[in-house]
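Enquirer: model this:
(one chain, ligands or ions: 1)
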Amino acid sequence: MALATSTSHLIDRLPRPRGRLTADAALGPQTWFRAGGPAEVLFRPADVEDLASFMAGLPPDVPVTVLGVSSNILVRDGGVKGVVVRLMRGFTGISVEGNEVVAGAGALDLNVALSARDHALAGLEFLSGIPGTIGGALRMNAGAYEGDLAQVLLAAEAVDRAGKVHTVPTAAMGYRYRHSDAPSDWIFTSARLRGTPGDQLAIARRIAEIDTARTDSQPRSRTGGSTFVNPPGRRAWELIDEAGCRGLRIGEAQVSEKHCNFLINLGEATATDIEALGEQVRRRVLEKTGVQLEWEIRRIGEPAGRE
Ligand SMILES: Cc1cc2nc3c(=O)[nH]c(=O)nc-3n(C[C@H](O)[C@H](O)[C@H](O)COP(=O)(O)OP(=O)(O)OC[C@H]3O[C@@H](n4cnc5c(N)ncnc54)[C@H](O)[C@@H]3O)c2cc1C
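Expert: Numbering: from 1, shown residues only. Below is the predicted model:
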């Protein structure tokens, strides 16, 4: 499904990077929900310099969206206009320097936790339970089991819309619960994280406990993680349960029976089905409890039929 409206395509107006540019690239299969439309152009930079020079040469009117592995994203069925950046090969390296772990923004959180374990560094075990990348974790202040990125981050590196590279300390990230005040145009490229020397067996045991707890309590496929933010003093899943939404369905989109703050794609759900289900849950929770739930999952792109 082409997003271009005239004979010329956006890709023809873009700088030529060393990395890969793809027109009308399917995004749905790359997302955890396995739903959603294409990117007008998908850009996979070769390295930080390639990303920076591409951004510097990008026409100012072209929108830019960055994605990790889309474990907290719903891409609408009409696709995403402009350039979608994905940091893959060239951004997945992980190295350990003393008690510090330096990870590319494309590295999976799990792999960072496992590298820390291999070097007997404690404090990063919580990352093993989060199915995203370091880039997504930097943006969302990802966290679990009493840990979050704000507690272990020493510095982050980012490229801005003009192609300037920034290295910033944690204090400059403006972190709070699942949120950063860092400029929205920043594309994070790496993070320097603090570990603490620990017992390797105990670290491995903690990672295994987290894995078991996750498998027991959450769906592990075709979902976007927690759908709604916990409102102050309440848990979103309890409100959803109270409103009778556990198991609720629209098409093949369903409120998970296992954890009702998770929406799941049973097979062929569209992003439209999934978003409509989320909105129905919000309406029912508001009617039943008076609480307005706010989306935690980021919804991006154009509705179906508007591409
Ligand atoms: C089963 C399941 C369990 C989950 N459990 C947890 C949990 O316990 N705790 C938790 O915090 N989250 C959890 N999540 C949500 C999700 O994994 C995290 O939010 C994760 O940090 C998202 O990373 P990602 O790479 O998938 O980012 P995406 O989902 O691709 O993107 C999320 C946001 O980050 C931005 N982003 C991604 N990469 C970059 C970058 N390089 N630079 C700038 N911005 C970027 C995107 O633009 C978007 O706004 C869960 C999700 C699932 C599916």
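Enquirer: so where's this structure shaky on pLDDT?
Expert: Filtered on pLDDT under 70, the chain yields the residue ranges 1-6, 306-307.
Enquirer: Tell me the residues of it that contact the ligand?
Expert: Within the chain, the positions near the ligand by Cβ under 6 Å from any ligand atom are 32, 66-73, 87, 105, 129-133, 135-137, 139-140, 142-144, 178, 186-188, 218, 220, 223-225, 298. Heads up, the C-betas are built off the backbone N, CA and C, glycines and all.
Enquirer: Provide a ChimeraX selection command restricted to the buried entries of those.
Expert: ChimeraX command restricting the residues of the chain next to the ligand to the buried ones, with burial defined by 16 or more other Cβ atoms under 10 Å:
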select :32,66,67,68,69,70,71,72,73,87,105,129,130,131,132,133,135,136,137,139,140,142,143,144,178,186,187,188,218,223,224,225,298
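Enquirer: Go through the residues of the chain next to the ligand and flag which are in strands.
Expert: 66, 67, 73, 143, 144, 187, 188, 223, 224, 225, 298 (DSSP state E).
Enquirer: what about stretch 83-100, start to end distance?
Expert: Its first and final residues considered, stretch 83-100 spans 33 Å by Cα to Cα, to the nearest Å.
Enquirer: quick one: terminal-to-terminal distance for stretch 42-58?
Expert: 14 Å.
Enquirer: which other residues reach it?
Expert: Contact with stretch 42-58 is made by 14-15, 17-22, 25, 27, 64, 83-91, 157, 159-165, 187, 189-190, as judged by Cβ atoms under 8 Å, 6 or more residues apart in numbering.
Enquirer: For it, could you pull out the residues that count as buried?
Expert: So for stretch 42-58, counting by 16+ other Cβ under 10 Å, buried means 42-46, 48, 50-55, 58.
Enquirer: returning to that earlier point: ok, of the contacts of stretch 42-58, which come out buried?
Expert: Buried by 16+ other Cβ under 10 Å: 14, 17, 19, 21, 25, 27, 83-87, 90-91, 157, 159, 161, 187, 189-190, out of the contacts of stretch 42-58.
Enquirer: Could you tell me which of these are located in strands?
Expert: Taking DSSP E as the definition of strands, the buried ones among the contacts of stretch 42-58 contribute 21, 25, 83, 84, 85, 86, 157, 159, 187, 189, 190.
Enquirer: What's opposite the third one in the beta bridge?
Expert: Beta bridges link residue 83 to residue 41, residue 64 when assigned by DSSP bridges.
Enquirer: Can you tell me how far it is from the ligand?
Expert: Residue 83 is 13 Å from the ligand, where distance means Cβ to the nearest ligand atom, to the nearest Å.
Enquirer: My read is that that residue contacts residue 61, right?
Expert: No. Contact criterion Cβ atoms under 8 Å: residue 83 and residue 61 do not qualify, at 11.4 Å.
Enquirer: Give the residues shared as contacts by the two.
Expert: If you check residue 83 and residue 61 against Cβ under 8 Å, 6+ apart, no residue is contacted by both.
Enquirer: For the residue of the stretch 201-307 of the chain found nearest the ligand, which non-adjacent residue is spatially closest?
Expert: Closest residue of the stretch 201-307 of the chain to the ligand, Cβ to the nearest ligand atom: residue 225 (2.3 Å). Once flanking residues are discounted, residue 225 sits nearest to residue 72: 5.3 Å by Cβ to Cβ, 6 or more residues apart in numbering.
Enquirer: just the helices in this protein please.
Expert: Applying DSSP state H to the chain gives helices spanning 48-57, 109-118, 134-140, 149-152, 200-217, 236-242, 271-289.
Enquirer: and the ones you listed, which is most packed in?
Expert: Mean neighbours per residue, mean count of other Cβ atoms under 10 Å, is largest over the helices of the chain for helix 134-140, with a mean of 27.
Enquirer: and it, C-alpha only, in PDB?
Expert: Only the C-alpha atoms of helix 134-140 are listed here, as PDB (Å, rounded to 0.1, in the frame of the first residue of the first chain):
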ATOM      1  CA  ILE A 134      17.700   0.400  25.300                       C
ATOM      2  CA  GLY A 135      16.400   3.200  23.100                       C
ATOM      3  CA  GLY A 136      12.800   2.600  24.100                       C
ATOM      4  CA  ALA A 137      13.900   2.200  27.700                       C
ATOM      5  CA  LEU A 138      15.700   5.600  27.600                       C
ATOM      6  CA  ARG A 139      12.600   7.300  26.200                       C
ATOM      7  CA  MET A 140      10.000   5.600  28.500                       C
END
